[in-house]
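Let me see the structure of the following:
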Amino acid sequence: LPEGLEFLGENAFSNTSLESINLPTTLKHIGQNAFFGCDHLTYLNIPDNIKILNNHICCNCVSLEYISFPRNLVVIDDNAFTNCHALKGPISFPDTLQEIRKHAFSGCKQIEDVILPKNILLGLNAFNNCTNLKELELPEGVILSPYAFANCTSLSKVTFPESLSTIPHCCFLNAGVETV
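Residues are numbered from 1 along each chain as shown. Alright, predicted model coming up:
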């Protein structure tokens, strides 16, 4: 895509055979469903001007292995990366990230490691069914929602911060937690 492009609309490349894309550094907005169902997309480098990754941006991109998150990212919206089965990691988020909304990484079965920033809000089912996630260190100021790590069957060790005041219902339901 050309440098100078600032806006990529909803469903722009949804359900296409797109294998790779170079997003320009000038891009300021990526619409919801922009890459929904792009079965062959393996890598996505998101420019630093992007602050919100909208709903379903890469949902069902089953071959997506790697995402480079923008340095100024604030929100990952609902279902943004749901069912990205090949997404591996470690997944490291920028310190600016404040919220990972519901189902954002649900069903990302290959994620083994997640590095979360301080003061993050994790929405309902944020990492539900990430069956290869093995260990988790929750940061200071984290706010958990129900089912955030439910069905993470390989998750054997969780480290909790001193600042944690609430573990909501079903947060680790059917997870493989052995050590806390």
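
isn't residue 63 right up against residue 86?
Yes: using CB atoms under 8 Å, residue 63 is in contact with residue 86, at 5.2 Å. For every residue, glycine as well, the C-beta is placed using N, CA and C.

Next, name the residue at the spatial heart of this protein.
residue 105 (4.5 Å; CA atoms, centre = their mean).

which residues are common contacts for residue 63 and residue 86?
Shared contacts of residue 63 and residue 86, defined by CB atoms under 8 Å, 6 or more residues apart in numbering, comprise residue 42.

got the contact list for stretch 154-168?
Stretch 154-168 is contacted from outside by 130-146, 148-149, 172, 175-180, using CB under 8 Å, 6+ apart.

try stretch 16-29
With CB under 8 Å, 6+ apart as the test, stretch 16-29 has contacts from 1-8, 13, 30, 35, 38-50.

Please repeat the previous calculation with a cut-off of 7 Å.
Stretch 16-29 has contacts (CB atoms under 7 Å, 6 or more residues apart in numbering) with 1-8, 38, 40-43, 45-47, 49-50.

Tell me which other helices or strands the helix or strand of the chain with the lowest mean pLDDT touches.
Every helix and strand in the chain was compared by mean pLDDT, DSSP states H and E; the lowest is strand 91-92, with a mean of 93. On a contact count with 3 or more CB pairs under 7 Å, 6 or more residues apart in numbering; DSSP states H and E, strand 91-92 meets strand 114-115.

Centre of the chain to the strand it packs on, how far?
What separates the centre of strand 114-115 from the centre of its chain is 10 Å, taken as CA atoms, centre = their mean, to the nearest Å.

Tell me where the model's unsure across the chain.
Under the criterion pLDDT under 70, no range of the chain is flagged.

Could you pull out the strands in it for me?
7-8, 29-30, 43-45, 52-53, 66-68, 75-76, 91-92, 99-100, 114-115, 121-122, 135-137, 157-159 (DSSP state E).

Would you mind confirming that residue 134 makes contact with residue 112?
Yes: assessed by CB atoms under 7 Å, residue 134 is found in contact with residue 112 at 5.5 Å.

neighbours around residue 178, how many?
For residue 178, the neighbour count with other CB atoms under 10 Å is 9.

give the contact list for it.
156-157.

what does residue 108 give?
Residues near residue 108 by CB under 7 Å, 6+ apart: 81, 84-85, 87, 130.

For burial, what's the neighbour tally of the nearest residue in space to it that is not next to it in sequence?
Leaving aside its chain neighbours, residue 108 sits nearest to residue 87 (4.7 Å; criterion: CB to CB, 6 or more residues apart in numbering). Per other CB under 10 Å, the neighbour tally for residue 87 reads 23.
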